[in-house]
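Visitor: Here is my input, please return the structure:
(chains A and B)
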Amino acid sequence: DGGITQSPKYLFRKEGQNVTLSCEQNLNHDAMYWYRQDPGQGLRLIYYSQIVNDFQKGDIAEGYSVSREKKESFPLTVTSAQKNPTAFYLCASSIGLAKNIQYFGAGTRLSVL
Amino acid sequence: GESVGLHLPTLSVQEGDNSIINCAYSNSASDYFIWYKQESGKGPQFIIDIRSNMDKRQGQRVTVLLNKTVKHLSLQIAATQPGDSAVYFCAENKGAQKLVFGQGTRLTINP
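Guide: Numbers count the residues shown, from 1 in each chain, chains lettered A, B, ... in the order given. Presented below is the predicted three-dimensional model:
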């Protein structure tokens, strides 16, 4: 059963804490992406990666960090520098940037305690 | 600059009627467009795509129309069902660059 798995489904962050959201795909896709979605709004790109060990900042990268050590995995860390982290976070993958149907995971909802 | 926008943020239709969701884009160099459906609390789901060398593409109960003259994209859903209730996003892609998503239209089905 191929797809994109995000975990956890719900996550709570304390003040000053870094938290890491997991994203794993078994679709053999080269490209992976992280988006942030606020209530009633569209998707904003945080980071994306075209290939292992390479990633690029998206439109709202400040306060976030990523790594791409394996093709299957693209974890997102929400750092304490992100002052308004409450949002729905979506991970996606695609064959490549040029062939760009992106397939999404089920999302992680992050809230601040 | 680049933008993908929607004419209406909400759309309400009767069950069984056809739905038409519209999207305007400003980047005439965009060569690829995608429609996604997002149900509450879930990730967006791919519906249908269309390349800029096409005017129309049909899927199962859905049709996408592309009018490059006025930079307009529409998604038509035939015989709308309760399960079609969701937010629909259009997205555009120019060459090898990232997708740009619109704000979304919420489709509500009245019984």
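
Visitor: C-alpha only now, for contacts and for neighbours.
Guide: Noted.

Visitor: ok, B:N53 - how many residues close by?
Guide: Number of residues near B:N53 (other CA atoms under 10 Å in any protein chain shown) recorded here: 10.

Visitor: Likewise for A:I101?
Guide: Neighbour count of A:I101, defined by other CA under 10 Å: 24.

Visitor: and it, that one's in a helix?
Guide: No. Applying DSSP: H, G, I helix; E, B strand; the rest coil, one finds A:I101 to be coil, outside a helix.

Visitor: residues in contact with B:A79?
Guide: B:E15, B:G16, B:D17, B:N18, B:S19, B:R61 (CA atoms under 8 Å, 6 or more residues apart in numbering or on different chains).

Visitor: switch the cut-off to 6 Å
Guide: B:A79 sits next to B:G16, B:D17, B:N18 when contact means CA atoms under 6 Å, 6 or more residues apart in numbering or on different chains.

Visitor: Can you list the low-confidence ranges for chain A?
Guide: Segments of chain A classed as low confidence (criterion: pLDDT under 70) are A:1-2, A:99.

Visitor: Please identify the helix or strand for the spatially most central residue of chain A.
Guide: Residue closest to the average C-alpha location in chain A (CA atoms, centre = their mean): A:W34, at 3.0 Å. A:W34 belongs to strand A:31-37 when assigned by DSSP states H and E.

Visitor: Just checking: what are the partner strands of that strand?
Guide: strand A:43-51 (antiparallel), strand A:87-94 (antiparallel) (DSSP bridges).

Visitor: coming back round to it: how about the contacts of B:A79 in JSON lines, adding pLDDT and neighbour count?
Guide: Below are the contacts of B:A79 laid out as JSON lines (pLDDT from 0 to 100; neighbours: other CA atoms under 10 Å in any protein chain shown):
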{"residue": "B:G16", "pLDDT": "97", "neighbour count": "15"}
{"residue": "B:D17", "pLDDT": "97", "neighbour count": "14"}
{"residue": "B:N18", "pLDDT": "97", "neighbour count": "15"}
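
Visitor: which one among those gets closest to chain A?
Guide: Distance to chain A across these (CA to the nearest CA) is lowest for B:N18, with 24.0 Å.
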